[in-house]
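[1] Provided below for reference: sequence and predicted model.
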Amino acid sequence: MTTHSSPQVQSAAFAITQAADFTQVLNALVATKAYSISLPADKPEERWELYFDTPDYRLLRRGLTVCLHRAAEDMRLTIQLEKERKGTAPAQRRQLAGEVNLTVQTKTWLPDAWPSELGKDLLSELPAIHQLEPKLLLHVTASLQTVAERRAKEPPTATATPVAVLAVTTLTVSEPTPDLTPSASLAAFVERTNHDNAAVQLYELSVVPLTDDLRAVRRVSRRLRRNPLTEELTGSRFERALLAINKHAPQADSVTFGVQPQMHIAEACRLILRAQLMTMLMQEAGVRWSSDIDYVHEMRVAIRRSRAAAKLYGSFFRRRALRPYREKLRKTGRLLGAVRDLDVAIAKAKRRARQGEKKDKAQKKIIEEWQRQRQQAHNELVTWLDSKAYRHFVTEFATFCHNADKGSKVAHHHSGEAPPLQQVRHVVPSLILHQFAVVRGYEVLFASDQAVDYGTIHALRIDCKYLRYNLEFVAHLLGKEGELLIDQLKQLQDLLGDLNDAVVSYAMLEEEGKDNQDEAYRQSQAVLIAKLTTQVAPAHQQFVASENRRHLFAALACL
């Protein structure tokens, strides 16, 4: 996910994979002998955060979060804009962020009990309060530790200077239990959810400056950034927690990460769809308002992965169970694709224009025309995202993704017959092998004397995508060999993707007609297409070579 941080913000936040890694991260900082870390003196802070949204995730899709915080008897409600909006003045942005303190007597979690004036400044953005429902419950515990720095020229006996505070935070994420009575208190809601639902734990480490010497804080952050156990946080806490809980399959008394070997293949598909749906929805606010083109790309990729999962594993669902969702995903992906193709073409044309020694009026005219087409394609996309049909799709698809066994086709074993193949460990290896064989099959074309046409190369690109998605859905189960295989496949895909971008740009230039055409740019794209085409055969041969085939079988053995 794309990060959009202000250059004035000097604090930094990192995710740590598991609790045991906290000690290793802190020890690595102290091992430099330039830092010392104090032990936490006070009892860790404890609070609950309950996040709300509508059934169609309207707030998430518009970059807003509504959260009810509770620490001891204090309760407050925050409404926050998470995504910067293109063309929005700072004063208007402030109106989309607010905090309301609730009275001690207000202990119920239900939105109906909140103060009626909450939505006054946010009516254009917030739905009616009664439409909100609890989506995520976080139990937050945080302890503070002081980091002191000793300068390089100072003697070892010199007293280190406190420069920053480390906030060590554990987040326990649960999906709320929604079936409590309106009179239930927040405490009862928390207790019921915490008892009934399996939870995922996330770990965060934040660096907050203690002094005006921000260079010292940057040095601490740089050390943490280099540590392989830490990863810089992106997105809001709500987004990170929502994505985490949707990547985990709830078991009897725990939560297991990702697809597991003994899962029914339909439930594995449902889990994949859950994660991709959340990823898709998290990009929408950026697609609507941000000038960063990566939002469109990432939303489109999430849709592609969803469609790939539905195609690969759709036969394990009842007939037509996935059809309505696949149709809406296809339409959304097509609209995103129209914007994405123009984004890529404009970005490459601008890069070429910057590299040119003199201004090219013909190329400038082409860029302006593509920007006009991009605006039109974007307007069509946003109209669809705002439509009742799309909102209904999101609501129904989210319900489908969160209801186990809904639409699943379960075959039963009969005496005297072989058991049906319907677990991940029995189905996925053969699917991966088949898709690898499809990709390898192109070698008979590349080995011949005849040139391979672009239509065939484009088909190879699509087949490589299905192989990659099939591998990545179970990548955490495939070991190091699986990682190596996916990395090799990415290299082949990058080449095929660059070739496709050049072909699309060339076709767009052709469509503009000779009056508006930048002939030099068109010719450069033709040269690039010819160059990249000659590289496809050796890159393909390298991927399907014996070394990668050994990696493939070693990876599948892990399943």
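    Looks like it arrived, so ask away.
[2] can you give me the helices in the stretch 1-150 of the chain?
    Using DSSP state H, counting those that start in this stretch, the helices of the stretch 1-150 of the chain run over 20-30, 58-61, 90-95.
[3] The longest one - contacts with which helices or strands?
    Taking 3 or more Cβ pairs under 8 Å, 6 or more residues apart in numbering; DSSP states H and E as contact, the helices and strands that helix 20-30 lies on are strand 35-37, strand 200-209, helix 214-226. Just so you know, the C-beta spots here come from the backbone N, C-alpha and C atoms, and that holds for glycine as well.
[4] any chance of these in CSV, plus distance to residue 378, mean pLDDT and mean neighbour count?
    Listed next are those as CSV, based on distance: least, Cβ to Cβ, whole Å; pLDDT from 0 to 100; neighbours: other Cβ atoms under 10 Å:
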stretch, distance to residue 378, mean pLDDT, mean neighbour count
strand 35-37, 48, 84, 17
strand 200-209, 34, 88, 19
helix 214-226, 35, 87, 16
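[5] Now distance to residue 405 too, for those, in a markdown table please.
    Output for these, formatted as a markdown table (distance: least, Cβ to Cβ, whole Å):
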| stretch | distance to residue 405 |
| --- | --- |
| strand 35-37 | 49 |
| strand 200-209 | 22 |
| helix 214-226 | 43 |
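[6] circling back: ok, of the helices of the stretch 1-150 of the chain, where does mean pLDDT dip lowest?
    Across these, helix 90-95 has the smallest mean pLDDT, namely a mean of 44.
[7] Averaging pLDDT per element, find the lowest-scoring helix or strand in the chain.
    Of the helices and strands making up the chain, the lowest-confidence element is helix 90-95, at a mean of 44, by mean pLDDT, DSSP states H and E.
[8] sorry, back to before: how about the helices and strands packed on helix 20-30, which one is nearest residue 437?
    strand 200-209 (36.9 Å; Cβ to Cβ).
[9] ok, the closest one: who's next to it in the sheet?
    The pairing partners recorded for strand 200-209 under DSSP bridges are strand 12-16 (antiparallel), strand 161-174 (antiparallel).
[10] Tell me which of those strands sits nearest to residue 204.
    strand 161-174 (4.3 Å).
[11] Okay, now the unreliable bits of the chain?
    Low-confidence segments of the chain (pLDDT under 70): 1-10, 19-20, 41, 82-130, 152-158, 178-198, 250-255, 356-360, 512-518.
[12] now the residue nearest to residue 525 when sequence neighbours are not counted: how far from residue 210?
    Leaving aside its chain neighbours, residue 525 sits nearest to residue 506 (4.2 Å; criterion: Cβ to Cβ, 6 or more residues apart in numbering). Taking Cβ to Cβ, to the nearest Å as the measure, residue 506 falls 57 Å from residue 210.
[13] out of those two, which sits in the busier spot?
    residue 506 (19 against 15; other Cβ atoms under 10 Å).
[14] next one: phi and psi at that one?
    phi -60, psi -40 (degrees, to the nearest 10).
[15] Number of residues surrounding residue 306?
    28.
[16] Secondary structure element holding it?
    Following DSSP states H and E, one finds residue 306 within helix 294-313.
[17] Quick check: buried residues in that helix?
    295-310, 312-313 (16 or more other Cβ atoms under 10 Å).
[18] what does stretch 400-408 give?
    400, 401, 407, 408.
[19] Assumed residue 321 was part of a strand.
    No - counting by DSSP: H, G, I helix; E, B strand; the rest coil, residue 321 falls outside a strand, being coil.
[20] Any idea which residue is closest to the centre of the chain?
    Central residue of the chain (Cα atoms, centre = their mean): residue 279, 4.3 Å from the mean position.
[21] Correct me if wrong: that residue contacts residue 244.
    No - with contact defined as Cβ atoms under 8 Å, residue 279 does not count as touching residue 244 (11.8 Å).
[22] which strands and helices sit next to the helix or strand hosting residue 488?
    For residue 488, the host element (DSSP H and E) is helix 479-512. Contacts defined by 3+ Cβ pairs under 8 Å, 6+ apart place helix 479-512 against helix 323-355, helix 361-385, helix 454-473, helix 519-543, helix 546-557.
[23] So what touches the last one?
    By Cβ atoms under 8 Å, 6 or more residues apart in numbering, the residues outside helix 546-557 that reach it are 429, 432-433, 436, 471, 478-479, 481-482, 484-485, 488, 542.
[24] Nearest to residue 214 among those residues?
    The closest of the contacts of helix 546-557, once distances to residue 214 are taken by Cβ to Cβ, is residue 484, at 40.9 Å.
[25] Tell me the spacing between the closest one and residue 407.
    Using Cβ to Cβ, one gets 36 Å for the distance from residue 484 to residue 407.
[26] which among the buried residues of stretch 400-408 gets closest to residue 392?
    For the buried residues of stretch 400-408, the nearest to residue 392 is residue 400 (12.4 Å; Cβ to Cβ).
[27] what's the angle between the helix or strand where that closest one lies and helix 294-313?
    Applying DSSP H and E as the criterion places residue 400 in helix 388-402. Relative orientation of helix 388-402 versus helix 294-313 (axes from the mean of the first three to the mean of the last three Cα atoms, to 10 degrees): 60 degrees.
[28] Run through who's touching helix 388-402.
    Contacts of helix 388-402 (Cβ under 8 Å, 6+ apart): 55-58, 61, 246, 270, 273-274, 277, 281, 324-325, 328, 332, 384, 406-407.
[29] Distance from the chain centre to that helix, please.
    In terms of Cα atoms, centre = their mean, to the nearest Å, the centre of helix 388-402 is found 19 Å from the chain centre.
[30] Quick one: list the elements packing against the helix or strand that comes right after that helix.
    For helix 388-402, the following helix or strand on the C-terminal side (DSSP H and E) is helix 424-440. Here helix 424-440 touches helix 265-289, helix 454-473, helix 546-557, going by 3+ Cβ pairs under 8 Å, 6+ apart.
[31] other SSEs contacting the first one?
    Counting by 3+ Cβ pairs under 8 Å, 6+ apart, the packing neighbours recorded for helix 265-289 are helix 58-61, helix 237-246, helix 294-313, helix 361-385, helix 388-402, helix 424-440.
[32] Try it again at 7 Å.
    helix 58-61, helix 237-246, helix 294-313, helix 388-402, helix 424-440 (3 or more Cβ pairs under 7 Å, 6 or more residues apart in numbering; DSSP states H and E).
[33] With distance to residue 525 added, can I get those in TSV?
    Formatted as TSV, the helices and strands packed on helix 265-289 follow (distance: least, Cβ to Cβ, whole Å):
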stretch	distance to residue 525
helix 58-61	36
helix 237-246	38
helix 294-313	21
helix 388-402	35
helix 424-440	27
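[34] For this structure, which strand extends over the most residues?
    strand 133-149 (DSSP state E).
[35] Please put the alpha-carbon coordinates of it into CSV.
    Output of strand 133-149 as CSV, limited to C-alpha atoms (Å, rounded to 0.1, in the frame of the first residue of the first chain):
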residue,chain,number,x,y,z
GLU,A,133,-22.2,-1.2,12.5
PRO,A,134,-19.1,-2.4,14.4
LYS,A,135,-16.4,-3.8,12.1
LEU,A,136,-13.3,-4.2,14.2
LEU,A,137,-12.4,-4.4,17.9
LEU,A,138,-8.8,-3.6,19.0
HIS,A,139,-7.4,-4.2,22.4
VAL,A,140,-4.4,-1.9,22.6
THR,A,141,-1.6,-2.2,25.2
ALA,A,142,1.4,0.2,25.0
SER,A,143,4.5,0.7,27.1
LEU,A,144,7.0,3.6,26.8
GLN,A,145,10.8,3.2,26.9
THR,A,146,13.3,6.0,26.6
VAL,A,147,16.2,5.9,24.0
ALA,A,148,19.4,7.7,25.0
GLU,A,149,22.2,8.4,22.5
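[36] This completes my enquiry, with thanks.
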